[in-house]
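K.L.:
One predicted model, sequence on top.
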Amino acid sequence: MSDSSNGPADRNRRLLLGTGGAALALGAADAGAAIAKNVPKFSTSRTRYGTTAQDATEMAPGTTYLLQLGATAFTDGNTDTTLNADHTITINNAGLYHVALSVDWPGQHGVDGALRSYGIRRRKAGLPPLATTTITQVVTNPDGTTTTYYLVSIDAGDVDQRLASQDIVGSSAPTTVRFPAPGAPAFDWTPGTIPLGGRASINVTLPVAGVVAPGDLVLASLSSINDPALGVAATTALIIDAKIVAPDVVRVTIFNPTVAAGVNIPQGQLNVVAMSQQNIVGQSADAWTVLTSTTEQFYRGDTIYAVYSSGTAGDYMQTSDQVFVQLERWTQ
C-alpha cells in the first residue's frame, strides 16, 4: 500500500515549491543588488551643545525663556555649526539637518506643575539678532553663601520658524487615599429609613494617616442608592455629602430633602476618595523628554535656538547632561 500524500503528485508539488523558492530567492538577491547600486550613500556629522548655567528658580509663569547653551558636549570635528555667546547656534554649512532637544524638568514636592512647553526654533539668515533680556537673581544658600542665576527671556514675535514644539501637562497631583483601602474587604453600610428633612450619617477613618485634614477634598458614594433599589424619584432627590471633620476622619451624610413618605435605603457598599488640597499636593518626578524635528533644509547664516516656559512659579530647567541641543547634518 502507499500513502497518497507521498505519491508522485505530492512529490511533484514539493519539487515545484523547492524550485520556485530558489527562483524567488535568486530574484530577491538580484533586485537587492540593483537597488543597492542606485541608492545614494549618506554620511552624518553630529554636534551636541549642552548647558552649564542652571536657570533661576523664580521663572515668571507664561514667559518664554531661551535655553542657555554654554558648552560643546561632543562633536566629530565638523565645522557645520558654531555656538554663539547669546546661546544660539549658527549654521555654517547649508544642508539637510535633523535637530534634537532634550530637557530635564525638576521633581518638586509641594508644587503643582502646570503647563510646561519647550521647542526648537530657526531664525532665518538675514534677520536681526534675536532680542533677549537677561534677568539676574542672587539666591542665598543654606550655608550663607550666595549663588547668582540668570534667566534669558526672548521676544521673537512670529518671525521665527517652529521646527518642533511640545506642551506637557503638570506632573504633580494631589495625594489620594481611598476607603476601603485597595484590596481590603468592602465596607457595608445600611442607612435605613430617612424621613422628610432627615439625615443619616456615618464617620469612617481613612486607612492611611496624615494625608488629609479639614479643608481638603473628599468624595463618597453608596452602591445601594440607585433607581432599581429606590426608584427614580428617591434616587434623584437624595443628596449624599462627605466632609473631612478631623485629620483622617470623613463624615458621610445622606439627606432627604423632598420625599414626604421617607426613603428606606438598604445595605450598600460605601466608598470614599479623599485628596490632599491645602496641606500637600503630591510629589512630581524628574521629567526628562527628548523632542526631535523633521529633517530640514538649513542655509548658511540661519540660527537655531531652544526655548521653554512653564505655568508654575518657581519652576526651572535643571543643569545636567540630559539638557542639550544636538544637530545632525546629512551629506551624500
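P.N.:
Sure thing, it's come through.

K.L.:
For the rest of this, base every contact and every neighbour count on C-alpha atoms.
P.N.:
Fine.

K.L.:
excluding its backbone neighbours, what's nearest residue 159?
P.N.:
Computed as CA to CA, 6 or more residues apart in numbering, the closest residue to residue 159 that is not its neighbour in sequence is residue 123, at 7.5 Å.

K.L.:
Would you confirm that that neighbour contacts residue 306?
P.N.:
No: proximity of residue 123 to residue 306 does not meet the contact threshold set by CA atoms under 8 Å, at 11.1 Å.

K.L.:
show me where the stretch 151-300 of the chain has strands.
P.N.:
Taking DSSP state E, counting those that start in this stretch to define them, one finds strands in the stretch 151-300 of the chain at 161-168, 176-179, 188-189, 192-194, 199-205, 217-222, 239-246, 249-255, 263-265, 268-275, 287-292, 296-298.

K.L.:
How far does the second one sit from its chain's centre?
P.N.:
It refers to strand 176-179. Distance of strand 176-179 from its chain centroid, counting by CA atoms, centre = their mean, to the nearest Å, is 24 Å.

K.L.:
Now do the buried residues in it.
P.N.:
Within strand 176-179, the residues that count as buried by 16 or more other CA atoms under 10 Å are 176, 177, 178, 179.

K.L.:
will you turn the residues you listed into a markdown table that also has distance to residue 94 and pLDDT?
P.N.:
Shown next, in a markdown table, are the buried residues of strand 176-179 (distance: CA to CA, whole Å; pLDDT from 0 to 100):
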| residue | distance to residue 94 | pLDDT |
| --- | --- | --- |
| 176 | 54 | 90 |
| 177 | 57 | 95 |
| 178 | 59 | 96 |
| 179 | 63 | 97 |
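
K.L.:
out of those, what pair is the most spread apart?
P.N.:
Within these, 176 and 179 form the most distant pair, 10.3 Å apart (CA to CA).

K.L.:
Common neighbours of those two, please.
P.N.:
Counting by CA atoms under 8 Å, 6 or more residues apart in numbering, the common neighbours of residue 176 and residue 179 are residue 273.

K.L.:
coming back round to it: what would the strands of the stretch 151-300 of the chain look like in CSV with distance to residue 117?
P.N.:
Shown next, in CSV, are these (distance: least, CA to CA, whole Å):
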stretch, distance to residue 117
strand 161-168, 4
strand 176-179, 27
strand 188-189, 47
strand 192-194, 53
strand 199-205, 41
strand 217-222, 29
strand 239-246, 36
strand 249-255, 39
strand 263-265, 50
strand 268-275, 27
strand 287-292, 11
strand 296-298, 22
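
K.L.:
More neighbours: residue 123 and residue 306, which one.
P.N.:
Ranked by neighbour count (other CA atoms under 10 Å), residue 123 and residue 306 place residue 306 first, with 27 against 22.

K.L.:
From residue 241, how far off is the nearest residue to that one once chain neighbours are set aside?
P.N.:
Nearest residue to residue 306 in three dimensions, chain neighbours excluded: residue 120, at 4.7 Å (CA to CA, 6+ apart). Look at residue 120 and residue 241: by CA to CA, to the nearest Å, they are 49 Å apart.

K.L.:
Give me the more crowded residue out of the two.
P.N.:
Using other CA under 10 Å as the criterion, residue 120 and residue 241 rank with residue 120 on top: 23 against 15.

K.L.:
how deep is residue 194 tucked in, by neighbour count?
P.N.:
Neighbourhood size, residue 194 [other CA under 10 Å]: 20.

K.L.:
swap in the one 3 residues further on?
P.N.:
The local packing count at residue 197 equals 12, with neighbours defined by other CA under 10 Å.

K.L.:
Quick check: it touching residue 254?
P.N.:
No: contact between residue 197 and residue 254 fails when scored by CA under 8 Å: they sit 10.4 Å apart.

K.L.:
for the strands of the stretch 151-300 of the chain, which one sits closest to residue 50?
P.N.:
Closest of the strands of the stretch 151-300 of the chain to residue 50 is strand 287-292, at 13.6 Å (criterion: CA to CA).

K.L.:
tell me which residues in that closest one are buried?
P.N.:
Buried positions in strand 287-292, judged by neighbour count with 16+ other CA under 10 Å: 291, 292.

K.L.:
helices or strands up against that strand?
P.N.:
strand 95-105, strand 161-168 (3 or more CA pairs under 8 Å, 6 or more residues apart in numbering; DSSP states H and E).

K.L.:
how big is the angle separating it from strand 161-168?
P.N.:
Counting by axes from the mean of the first three to the mean of the last three CA atoms, to 10 degrees, strand 287-292 lies at 150 degrees to strand 161-168.

K.L.:
Quick one: mean pLDDT for strand 287-292?
P.N.:
The pLDDT scores in strand 287-292 average 89.

K.L.:
That one: how far from the chain's middle?
P.N.:
How far strand 287-292 lies from its chain's middle: 9 Å, per CA atoms, centre = their mean.

K.L.:
quick one: contacts of that strand?
P.N.:
With contacts defined as CA under 8 Å, 6+ apart, strand 287-292 is touched by 98-107, 119, 164-166, 171, 322.
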